[in-house]
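Engineer: Here you go, sequence then predicted model.
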Amino acid sequence: NAGVTQTPKFQVLKTGQSMTLQCAQDMNHEYMSWYRQDPGMGLRLIHYSVGAGITDQGEVPNGYNVSRSTTEDFPLRLLSAAPSQTSVYFCASSPKGPGQNQPQHFGDGTRLSIL
Amino acid sequence: GNSVTQMEGPVTLSEEAFLTINCTYTATGYPSLFWYVQYPGEGLQLLLKATKADDKGSNKGFEATYRKETTSFHLEKGSVQVSDSAVYFCALSGSGGSNYKLTFGKGTLLTVNP
């Protein structure tokens, strides 16, 4: 079982460059989300989606865009990378939202460095 | 808003020692509570959960009891192993309008020495 697959695993960007972090799940989960993990900060929610065509902002959405055109895929876009976006990014999914007692399935993360 | 506070690390123990990682929360209504574990270089995995007051979640020798009166969900294990070395996160999902968001504590790094 593939579960939640994130690509790439590592990426180095220059300030101002754009890129897309990919996330795909093969479990037919309705709910998908993106977190960033920073030292001493825990995980913070960036954006989430409760189904295809529906997205909403989390705690720290500035500088990031998302879309959900299919159930399987939930890409995260950085339009103009900034050093403050250096972080480890995790994608997660669940059948329904976490408020319905649904544990999250996490990918292995993308380690992103912005120079 | 919702918040989770867990004990600062790092925590270093010898094998077979008793482990407690404290977690307290602030939330309205009746949140669900979770402990996740992150092994080096990996994503987070669910360790255990509790969905209502006085529930006890347990898995792999770890336990945590949902205490509404003290708004706590402390993680315990009677005898830790080297393989338990990881970062542990306490988390909650709110009820009502906040039920699409999972709020995490900052994480506690546990190192178990042989």
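Structural biologist: Structure received. Since the structure is predicted, the reported quantities are computational estimates derived from the model, not experimental observations.

Engineer: Just the pLDDT at residue B:20, thanks.
Structural biologist: At residue B:20, the predicted lDDT confidence score is 97.

Engineer: distance of the residue in chain B positioned nearest to chain A from residue A:42?
Structural biologist: Of the residues in chain B, the one nearest chain A is residue B:99, at a distance of 2.2 Å by C-beta to the nearest C-beta. (Each C-beta comes from the backbone N, C-alpha and C, glycine too.) For residue B:99, the distance to residue A:42 (C-beta to C-beta, to the nearest Å) stands at 20 Å.

Engineer: can you pull up the bridge partners for the residue nearest to the spatial centre of chain A?
Structural biologist: Of all residues in chain A, the one closest to the mean position by C-alpha atoms, centre = their mean is residue A:34, 2.7 Å from it. Note on residue A:34: beta-bridge partners by DSSP bridges are residue A:47, residue A:91.

Engineer: ok, now residue A:5?
Structural biologist: Taking DSSP bridges, one finds residue A:24 as the beta-bridge partners of residue A:5.

Engineer: List the buried residues for stretch A:55-69?
Structural biologist: Applying a neighbour-count criterion of 16 or more other C-beta atoms under 10 Å in any protein chain shown, the buried positions in stretch A:55-69 are A:55, A:58, A:60-61, A:64, A:66-68.

Engineer: In chain A, where is pLDDT below threshold?
Structural biologist: Applying pLDDT under 70 to chain A picks out residues A:1, A:99-100.

Engineer: er, chain B actually
Structural biologist: B:96-98.

Engineer: tell me the phi and psi of residue B:56?
Structural biologist: For residue B:56, the backbone dihedrals (degrees, to the nearest 10) come out as phi -120, psi 120.

Engineer: repeat for residue B:82
Structural biologist: Torsion angles, degrees, to the nearest 10, at residue B:82: phi -60, psi -40.

Engineer: Within range of chain B, give me the residues from chain A.
Structural biologist: Neighbours of chain B within chain A, by C-beta under 8 Å from any C-beta of the partner chain: A:4, A:31, A:33, A:35, A:40-45, A:48, A:50, A:56, A:58-59, A:90, A:92, A:97-101, A:103-104, A:106-109.

Engineer: Describe which strands the helix or strand containing residue B:91 pairs with in its sheet and in which direction.
Structural biologist: Element membership for residue B:91, per DSSP states H and E: strand B:86-93. Sheet pairing here is set by DSSP bridges, and for strand B:86-93 it gives strand B:32-38 (antiparallel), strand B:102-104 (antiparallel), strand B:108-113 (antiparallel).

Engineer: quick one: the strands in chain B?
Structural biologist: Under the criterion DSSP state E, chain B contains strands at B:3-6, B:11-14, B:19-21, B:23-26, B:32-38, B:44-50, B:56-59, B:62-65, B:75-77, B:86-93, B:102-104, B:108-113.

Engineer: Can you lay out these as a markdown table showing mean neighbour count?
Structural biologist: As requested, those are exported to a markdown table (neighbours: other C-beta atoms under 10 Å in any protein chain shown):
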| stretch | mean neighbour count |
| --- | --- |
| strand B:3-6 | 18 |
| strand B:11-14 | 14 |
| strand B:19-21 | 17 |
| strand B:23-26 | 19 |
| strand B:32-38 | 24 |
| strand B:44-50 | 21 |
| strand B:56-59 | 14 |
| strand B:62-65 | 20 |
| strand B:75-77 | 20 |
| strand B:86-93 | 25 |
| strand B:102-104 | 25 |
| strand B:108-113 | 16 |
